[in-house]
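S.K.: 3D, please:
(one chain, ligands or ions: 1)
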Amino acid sequence: MSILIFQQEIEETVKKKIKLRINDNRSTMLSVKWEPDCTRVSMHRMFLEAPKNIMDALACHIQTENSNLCPSVKAYIEEKLTAFDYSSKLNENRLHTQGQVYDLQALYNEINTKYFAGEVRLKITWYGKVHRRKKAQVTFGLYQEATKLVKIHRMMDSTFFPEYFVEFVIYHEMLHHVCRSYYDEKGNHRVHTDEFKKKEQEFEHFELANLWMNKNYNNFFMM
Ligand SMILES: [Zn+2]
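M.R.: Prediction:
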């Protein structure tokens, strides 16, 4: 969103003039000074891409002249800061898509064509070691919004994992990009939203993948 439109939207909601400054530093995420003639707001550029509920909370903060930030805005800042830490440019030389058994790029391309009309633009890579060291945790895949990167755990590069299951994990991570998360009024980060869950069921082998997961879940703790 452009700064001008952003400013107009905030002014419209709070019904007063604001002087807005966008900063790009790590120290001042948000500062509001309420002065008689105008309100001075300095905020990090992360707010330019804030979802509607955060915009509303922000406007409310500016309007009510209450210096306490509401939990949803705090949570948003925290989440975004984590993301900004990743933003050091993605080194594409370090992405590995061709595995021993599965070619992630090929699977990703198929899924993109089949479910997203080829319109999703993400990178994908294997990460981790074939044999996991930690036994207590099972993470098949991750998605990093800041770098637009899907990461699939290398333990899945094995014939033990059926292709439809690997595809399901890739599809799930891609959905994280398509169905954006949000913060609810309590400041909780809602990731697997109703929209997300509905779309997840559109996966061709959704039931098969879940059956396989349920049947094999205990195995992961013994590998
Ligand atoms: Zn997820």
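
S.K.: now do the residue sitting nearest the centre point of the chain, the pLDDT please.
M.R.: For the chain, the residue nearest the mean C-alpha position is residue 145 (4.4 Å; Cα atoms, centre = their mean). Note on residue 145: pLDDT of 77.

S.K.: all helices of this protein, in order?
M.R.: According to DSSP state H, the chain carries its helices in the segments 3-14, 52-64, 71-86, 104-116, 163-178, 194-200, 206-220.

S.K.: what sits up against the last one?
M.R.: Residues lying outside helix 206-220 but in contact with it, judged by Cβ atoms under 8 Å, 6 or more residues apart in numbering, are 138, 162, 164-165, 168, 200, 203. For every residue, glycine as well, the C-beta is placed using N, CA and C.

S.K.: which residues of the protein score low on pLDDT?
M.R.: 1, 25-28, 67, 82-89, 132-137, 183, 185-188, 220-223 (pLDDT under 70).

S.K.: redo that, cut-off 50
M.R.: 87, 223 (pLDDT under 50).

S.K.: what's the domain layout of it?
M.R.: 3-86, 92-220 (automatic domain parsing).

S.K.: which of the helices of the chain is buried the deepest?
M.R.: Mean neighbours per residue, mean count of other Cβ atoms under 10 Å, is largest over those for helix 163-178, with a mean of 20.

S.K.: how much space separates the residue nearest to residue 156 when sequence neighbours are not counted from residue 58?
M.R.: Once flanking residues are discounted, residue 156 sits nearest to residue 166: 5.3 Å by Cβ to Cβ, 6 or more residues apart in numbering. Residue 166 sits at a distance of 41 Å from residue 58 (criterion: Cβ to Cβ, to the nearest Å).

S.K.: ok, residue 177 next?
M.R.: 24 Å.

S.K.: ok, which of the helices of the chain comes nearest residue 44?
M.R.: helix 71-86 (7.7 Å; Cβ to Cβ).

S.K.: quick one: residue 93 from residue 35, how far?
M.R.: 51 Å.
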